[in-house]
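Visitor: I need the structure of the sequence given here:
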Amino acid sequence: MKPWKKGLALLLMGMSLLSLGCGNAQQSAAPKEKTLDEQVDDIVSSMTTTEKVGQMVMIGVQGTEVSDDSRYMLHQYHMGGVILFDRNMESAEQTQKLIADLQDNAEEKVPLFIGVDEEGGAVVRGKSFITPPESQQAIGRTGKVPAAEESARRTGEQLKKLGFNVNFAPVADVGSYERAFSADAKQAAKFVEAATQGYEEARMMYALKHFPGIGRGTVDSHQDISSITASKDELMEKDLVPFKTIIDERQPEDYFILVSHLKYPALDPDHPASLSKNIQTGLLRDELGYRGLIITDDVEMGALAKHYSFRELGVRAVEAGSDIVLVCHEYPHETDVYLGLLDAVNDGTIPMERIDESVHRIVKAKLLHRQSQT
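Guide: The predicted structure follows:
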């Protein structure tokens, strides 16, 4: 036997004997499994600034398959999420492939959020292959709270099969319009609570919208900005009740809160909610205690786009407290939002600590959701 082989044999024999007598010691020496927060910290610390900023932008894409343009947005800007519309969805098989291809092209350390607006009633996508839910108002009028849970669970299961991991529903507004469950705050809260249970049963992330409530609104924020003139007490006693109910009862990593573009002078006389630090940080985070993800409504809506440049919109939203800026349609606008944020981080307007707060929340939610699917 060659000397090095003899030495190796003796070493292996010694290790074998040692393991027989020191099994417990060997077990205690095994590497400790990292906690979820430690895993998140490792991922965030490994990200470049461009990757972190990309996680904070969710975009729409054009077409029914991954194109050079959408691939560029994912590769160059590391966008963290994509929302799909009817323009992207022709059939179940095509939608499933598109979502899988988007995930494959992301090349990121965590999955994309892939979202859709499947509320029910007039706001549904893919009607030819997704069973459209009834409107929330129709469900609320039945008086049967479990119907909201069943509808959300069924919708969530259909979306999950296609590859979606976020549905931008339920509407948590209090009002007498089709998209809301009820004009009565306590009744609306019961139905919203049931819907959230249904989405969680389907293991689908969901988004409460449109904080702090647009049930009193008279102008469509797709067209222009408007104001809700209610006092803070009125908002707390009515409009905010469904939101507060879910914040108090649900795990913050399971859902988003989507913030509206309306103004609420009693809360902030100068800024719409999506750009208001008083509303997002002061009210939602500090006063109501919300620790989950805040996402803006689409910043291409007239309520914002008519009054601000896209380069400044993302910066203002993140300074106010948003974790993710939603830009649904045009690639140049999406690029401007991303580059505006990146410039603000690079010149110190937005501290890296502020970016890391949001990216930590985003990565944690993505890891938890991925674990729930296994």
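
Visitor: any low-confidence regions in this structure?
Guide: 1-31, 107-108, 217-225, 374 (pLDDT under 70).

Visitor: max-length strand in it?
Guide: strand 205-211 (DSSP state E).

Visitor: now that strand, how far from the centre of its chain.
Guide: 9 Å (CA atoms, centre = their mean, to the nearest Å).

Visitor: may I have that strand as CSV, with CA atoms only?
Guide: Taking C-alpha atoms only, strand 205-211 is exported to CSV below (Å, rounded to 0.1, in the frame of the first residue of the first chain):
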residue,chain,number,x,y,z
MET,A,205,-51.2,36.6,-2.1
TYR,A,206,-53.8,39.3,-2.2
ALA,A,207,-54.0,43.1,-2.1
LEU,A,208,-56.4,45.2,-0.1
LYS,A,209,-57.4,48.3,-2.1
HIS,A,210,-57.6,51.3,-2.3
PHE,A,211,-56.2,52.6,1.0
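
Visitor: skip the chain neighbours and tell me the closest residue to the residue nearest the centre of the chain.
Guide: The chain has Phe256 as the residue nearest its centroid, 4.8 Å off, counting by CA atoms, centre = their mean. Closest residue to Phe256 apart from its sequence neighbours, by CB to CB, 6 or more residues apart in numbering: Ala207 at 4.0 Å. Yep, even glycine has a C-beta here, placed from its N, CA and C like the rest.

Visitor: what's near enough to touch the one you found?
Guide: Ala207 is in contact with 115, 166-169, 255-258, 295, counting by CB atoms under 8 Å, 6 or more residues apart in numbering.

Visitor: what's the closest of those residues to Lys109?
Guide: Val166 (18.6 Å; CB to CB).

Visitor: quick one on the thing from earlier: sitting in helices, which of the contacts of Ala207 do you find?
Guide: If you go by DSSP state H, the contacts of Ala207 have nothing in helices.

Visitor: out of those residues, which is most surrounded?
Guide: Counting neighbours by other CB atoms under 10 Å, Ala169 comes out on top of these with 31 neighbours.

Visitor: could you pull up the residues touching it?
Guide: Per CB under 8 Å, 6+ apart, neighbours of Ala169: 117-120, 152, 155, 195, 199, 206-207, 209.

Visitor: next one: phi and psi at it?
Guide: The phi and psi values for Ala169, taken as degrees, to the nearest 10, are phi -160, psi 160.

Visitor: is Met56 in contact with Arg354, as I believe?
Guide: No: applying CB atoms under 8 Å as the test, Met56 and Arg354 come out as separate, 10.3 Å apart.

Visitor: when those two are compared, which one has more neighbours?
Guide: Ranked by neighbour count (other CB under 10 Å), Met56 and Arg354 place Met56 first, with 25 against 15.

Visitor: ok, Lys277 touching Arg316?
Guide: No: judged on CB under 8 Å, Lys277 makes no contact with Arg316 at a distance of 9.4 Å.

Visitor: circling back: kindly reformat the contacts of Ala207 as CSV containing distance to Leu98.
Guide: Shown next, in CSV, are the contacts of Ala207 (distance: CB to CB, whole Å):
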residue, distance to Leu98
Gly115, 13
Val166, 15
Asn167, 17
Phe168, 18
Ala169, 21
Tyr255, 24
Phe256, 22
Ile257, 27
Leu258, 23
Ile295, 22
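
Visitor: what about Asp37, how many neighbours?
Guide: Neighbours around Asp37, by other CB under 10 Å: 11.

Visitor: same check on Phe191?
Guide: Quick note: Phe191 (other CB under 10 Å) scores 28 neighbours.

Visitor: residues touching Ile114, list them.
Guide: Ile114 touches 81-84, 99, 102-103, 163-166, counting by CB under 8 Å, 6+ apart.

Visitor: re the thing from before, overlap in contacts of Met56 and Arg354?
Guide: By CB under 8 Å, 6+ apart, the residues touching both Met56 and Arg354 are Val318.

Visitor: which residues of the stretch 1-150 of the chain fall in helices?
Guide: 3-21, 23-28, 36-46, 49-55, 68-77, 92-106, 136-141, 145-162 (DSSP state H, counting those that start in this stretch).
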